[in-house]
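Trainee: Task: produce atomic coordinates for the following.
(3 chains)
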Amino acid sequence: MLQQTQVATAIPYFERFMRVFPSVSALAAASVDAVLAQWSGLGYYARGRNLHKAAQIIMRDHAGELPRTAAQLVALPGIGLSTANAILSLSFQQPTAICDGNVRRVLARWSALPLVVESKQAEQQLWQLAQTLQSQTRPRDYTQAIMDLGATLCTRSNPDCTQCPVARDCGALASGEAVTSWPKRLPKKTRPTKTATLWLVFNKAGALWLAEPTSSTGIWGGLHQLPQSLPETLLGQDNYTLSPIKHVFTHITLVVTAKVVLLSDDRHFHLFTNGLWYNPKDKTRLIAMPAIVDKLLAHWLQQGRSS
DNA sequence: AAATCGGGGAG
DNA sequence: CTCCCAGATTT
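Mentor: The predicted structure follows:
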């Protein structure tokens, strides 16, 4: 959950997830749909699918226990070198280095790294530096400390160097330039905009139609989806077009126009198969779906019938 | 090496 | 708005 996701964001998801799947065996025994239901809203759904697969592999090949070597950990889906080393140092007191976003920022500043951090050279030097600096006697404390340093003091835009325990030999601080000018970064690239139409189809009870997932990969893979089109016979029905909303991804900006259809009778229900009717008020029934569903529902409730 | 995967916190 | 977060995987 913490891969590319801030701790504060992940905490409520983590707590709920651990209540529903309190053990590796419980997670392995669950359906991927049940896992993704708990992941809904958190994003990067491949993490949820990979975690589920990893649990099953751990049960099958590792007697239900996490392996304790980097090579075995990296072989599990969703675990790369960074996560493997984090597990080894934080859980098993092995002197492995991590080089996550916080650590990269701390080390780039401390070493006054002239290289653009996205470059292969910088990547290599930062990993090398991280491994060199790792404590051989207290790897767990060291790993937690350098991450917390980046998260609390050596922050992106407003570092508090007066409180920093390594300010004395920090290269960026000594340089006279602004500490925030590190890490050096590549110029930003513009994010392309794409448009999409999504349909909100409500039945008489006020439940929303969600289609079964059609693919386990790609954007929102494995999640239930809003229809992008409707059967011809329904297009003549009264429908409402909501004002477009923006939904930003890492690589694209999606401008979504939602169209709303209210089914007043049962005539057209036979057109809706391979999916389910989701009642937004039923909080007990968690469905694997992207955050944009609730976003559009809120938009519809707030905006209402504007056209 | 570059692109692809969400969503939100913070400024 | 922009930047970036306890990155991994695919192309």
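Trainee: Buried residues, the helix or strand where residue A:256 lies. List them.
Mentor: In this assignment (DSSP states H and E), residue A:256 forms part of strand A:253-262. Neighbour-count burial for strand A:253-262 flags A:254, A:256, A:258-261 (criterion: 16 or more other C-beta atoms under 10 Å). For every residue, glycine as well, the C-beta is placed using N, CA and C.
Trainee: Also stretch A:293-305?
Mentor: By neighbour count on 16+ other C-beta under 10 Å, the buried set for stretch A:293-305 is A:293, A:296-297, A:299-300.
Trainee: do that stretch and DNA strand C meet at all?
Mentor: No - using C-beta under 7 Å from any atom of the strand, stretch A:293-305 stays clear of DNA strand C, coming no nearer than 14.3 Å.
Trainee: can I get the CA coordinates of that stretch in PDB?
Mentor: C-alpha atoms of stretch A:293-305 as PDB (Å, rounded to 0.1, in the frame of the first residue of the first chain):
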ATOM      1  CA  VAL A 293     -17.600   6.100  -9.400                       C
ATOM      2  CA  ASP A 294     -18.200   7.800  -6.100                       C
ATOM      3  CA  LYS A 295     -16.800  11.000  -7.500                       C
ATOM      4  CA  LEU A 296     -19.400  11.000 -10.300                       C
ATOM      5  CA  LEU A 297     -22.100  10.000  -7.900                       C
ATOM      6  CA  ALA A 298     -21.300  13.000  -5.700                       C
ATOM      7  CA  HIS A 299     -21.200  15.200  -8.800                       C
ATOM      8  CA  TRP A 300     -24.600  14.000  -9.900                       C
ATOM      9  CA  LEU A 301     -26.100  14.500  -6.400                       C
ATOM     10  CA  GLN A 302     -24.700  18.000  -6.200                       C
ATOM     11  CA  GLN A 303     -25.400  19.100  -9.700                       C
ATOM     12  CA  GLY A 304     -28.600  17.300 -10.400                       C
ATOM     13  CA  ARG A 305     -30.500  17.700 -13.600                       C
END
